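Colleague: all I have is the shape, not the residue letters:
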């Protein structure tokens with residue numbers, strides 16, 4: 001049922017046909033000067049006038065253009081309306097006001113992603129101290145791993161779905177600078193544009209979703225858990241109503257804004273000495289696939305001794321996937337960390353990962369992907 005009376009001030013339904021998808025609708029706006037508005041909507045906004053009445057003393061005019069149908073009514077006493085036009089064409093003014101009061105904002109059709117400057121901070125988020133999980137979209141449970149979002153530069157979420165099965169998702173995409181999905185428990189099936197049929201992500205595996213790649217989550221196991229990283233923290237998700245997945249072509253080398261899709265499988269990885277003494281590392285290939293926009297590595301304890309070190313990455317986030325360690329930082333009280341804990345180390349701060357257990361496994365995410373690590377004398 002359409003609750004037309006509840007939204008009468010804003011929308012007028014023109015025609016409803018039973019058992020049909022044909023619905024014509026128009027946005028209703030007040031006007032205090034219909035005569036002058038006719039010139040504004042036709043000449044300034046380049047819209048077409050479709051209707052005007054009554055003939056002897058017009059009080060209503062209907063215009064269409066830019067994917068919008070507008071009904072101006074001199075007898076409408078509601079507050080002045082606001083139209084937002086999205087276009088790639090150049091406009092002299094970004095904000096206009098019609099003679100009859102309607103405010104018009106002109107914005108880019110494909111605005112670039114706004115990347116806020118990082119508000120650097122030392123952050124430790126312990127699972128034991130965390131408030132209860134929050135139930136979010138589609139019944140999923142969320143933990144926020146960086147509460148202040150480092151000034152809006154990044155969001156890191158621990159997400160779980162207690163009861164698996166089909167996921168009520170639609171084909172969609174994200175307007176982001178970087179996005180990572182790392183599975184830490186269970187499995188999830190996802191289908192991606194130009195990447196063939198559904199792909200199952202197991203624990204230890206990860207995807208990077210390049211900016212605006214279309215995808216759809218299909219099904220998940222009971223107890224699925226993932227770490228999701230998004231840059232910036234606030235980004236737009238859009239539904240693609242036209243694309244059907246899977247797409248007919250397999251194009252593994254396709255790039256979206258300079259980044260390639262990555263499905264990295266943990267069990268197939270090679271382990272090499274890590275940037276930090278005392279650890280080995282497996283590279284998820286994300287640094288290469290994003291042309292160093294970001295890097296993602298998994299660290300494990302080695303036989304060497306852990307040492308103090310500094311890094312110069314803009315963002316350096318770590319999640320403890322298993323085991324435990326003591327995080328020591330200059331000027332900081334040591335933190336005993338276990339599985340489910342997360343931390344952020346700001347650039348230039350000396351730290352050491354001490355007392356690592358044999359089963360320690362860390363997920364390390366950095367922006368940019370290539371950065372410098374400098375060993376420090378023992379403190």
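Modeller: Noted; the coordinates are in hand. Treat the numbers as computed from the prediction; the structure is a model and nothing was measured.
Colleague: distance check, residue 40 against residue 103.
Modeller: Using Cβ to Cβ, to the nearest Å, residue 40 is found at 12 Å from residue 103. Heads up, the C-betas are built off the backbone N, CA and C, glycines and all.
Colleague: ok, now residue 156?
Modeller: From residue 156 over to residue 103 the distance is 38 Å, taken as Cβ to Cβ.
Colleague: what about those two, which has more around it?
Modeller: A direct count of neighbours by other Cβ atoms under 10 Å for residue 156 and residue 103 places residue 156 higher, at 26 against 14.
Colleague: my guess is that one contacts residue 228. True?
Modeller: Yes. Look at residue 156 against residue 228 with Cβ atoms under 8 Å: they come within range, at 7.4 Å.
Colleague: low pLDDT regions in the stretch 1-150 of the chain?
Modeller: Applying pLDDT under 70 to the stretch 1-150 of the chain flags the ranges 1-23, 130-132, 137-139.
Colleague: let's see that with 80 instead.
Modeller: 1-24, 89-93, 111, 130-133, 135-140 (pLDDT under 80).
Colleague: for the closest residue to residue 155 other than its chain neighbours, give me its contacts.
Modeller: Using Cβ to Cβ, 6 or more residues apart in numbering and skipping the chain neighbours, the partner closest in space to residue 155 is residue 233 (4.0 Å). If a contact means Cβ atoms under 8 Å, 6 or more residues apart in numbering, then residue 233 has 116, 149, 150, 152, 153, 154, 155 as its contacts.
Colleague: next one: residue 343
Modeller: Contact analysis of residue 343 by Cβ under 8 Å, 6+ apart lists 122, 123, 124, 125, 317, 318, 327, 335, 337.
Colleague: distance between the one helix or strand it maps to and the chain's centre?
Modeller: Taking DSSP states H and E as the definition, residue 343 sits inside strand 342-344. Relative to the chain's own centre, strand 342-344 is displaced by 20 Å; criterion: Cα atoms, centre = their mean, to the nearest Å.
Colleague: that one: what's the following helix or strand?
Modeller: strand 351-354.
Colleague: tell me the average confidence for that next one?
Modeller: Averaging pLDDT along strand 351-354 yields 97.
Colleague: which residues are in contact with that strand?
Modeller: With Cβ under 8 Å, 6+ apart, strand 351-354 has contacts from 276, 278-279, 306-310, 325-330, 334, 345, 362, 379.
Colleague: out of these, which end up buried?
Modeller: Buried residues within the contacts of strand 351-354, defined by neighbour count using 16 or more other Cβ atoms under 10 Å: 276, 278-279, 306, 308-310, 325, 327-329, 345, 362.
Colleague: what residues go with each domain of this structure?
Modeller: 4-108, 135-264, 268-375 (automatic domain parsing).
Colleague: could I get those domains as a markdown table with distance to residue 129?
Modeller: Formatted as a markdown table, the domains of the chain follow (distance: least, Cβ to Cβ, whole Å):
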| stretch | distance to residue 129 |
| --- | --- |
| domain 4-108 | 42 |
| domain 135-264 | 11 |
| domain 268-375 | 9 |
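Colleague: what residue in the chain is the furthest from its centre?
Modeller: No residue in the chain sits farther from the centre than residue 56, which is 53.5 Å out by Cα atoms, centre = their mean.
Colleague: so what's that residue up against?
Modeller: The neighbourhood of residue 56, defined by Cβ under 8 Å, 6+ apart, contains no residues.
Colleague: now do the one 5 residues further on
Modeller: Remark: with contacts taken as Cβ under 8 Å, 6+ apart, residue 61 is in contact with 34, 37, 38, 41, 49, 51, 52, 71, 72.
Colleague: top of those residues by number of neighbours, please.
Modeller: Counting neighbours by other Cβ under 10 Å, residue 72 comes out on top of these with 29 neighbours.
Colleague: give me the element residue 76 is part of.
Modeller: Going by DSSP H and E, residue 76 is not part of any helix or strand.
Colleague: ok, residue 36 next?
Modeller: Under the criterion of DSSP H and E, residue 36 resides in helix 34-39.
Colleague: and that helix, how far out from the chain middle?
Modeller: When distances are taken as Cα atoms, centre = their mean, helix 34-39 is centred 42 Å away from the chain's centroid.
Colleague: buried sites along stretch 103-120?
Modeller: Judged by neighbour count using 16+ other Cβ under 10 Å, the buried positions of stretch 103-120 are 104, 106, 113, 118, 120.
Colleague: isn't the fourth one right up against residue 315?
Modeller: Think residue 118. Yes. Using Cβ under 8 Å, residue 118 is in contact with residue 315, at 5.9 Å.
Colleague: shared neighbours, the two?
Modeller: 150, 153, 154.
Colleague: the residue nearest to residue 155 and residue 193: what is the separation?
Modeller: Taking Cβ to Cβ, one finds residue 233 at 25 Å from residue 193.
Colleague: with residue 103 instead?
Modeller: Per Cβ to Cβ, residue 103 is found 37 Å from residue 193.
Colleague: cool, and residue 161?
Modeller: From residue 161 across to residue 193, the span is 23 Å (Cβ to Cβ).
Colleague: tell me where this protein has helices.
Modeller: Per DSSP state H, the chain carries helices over the ranges 34-39, 286-289.
Colleague: what's the first one packed up against?
Modeller: In this structure, helix 34-39 packs against strand 60-65, with contacts taken as 3 or more Cβ pairs under 8 Å, 6 or more residues apart in numbering; DSSP states H and E.
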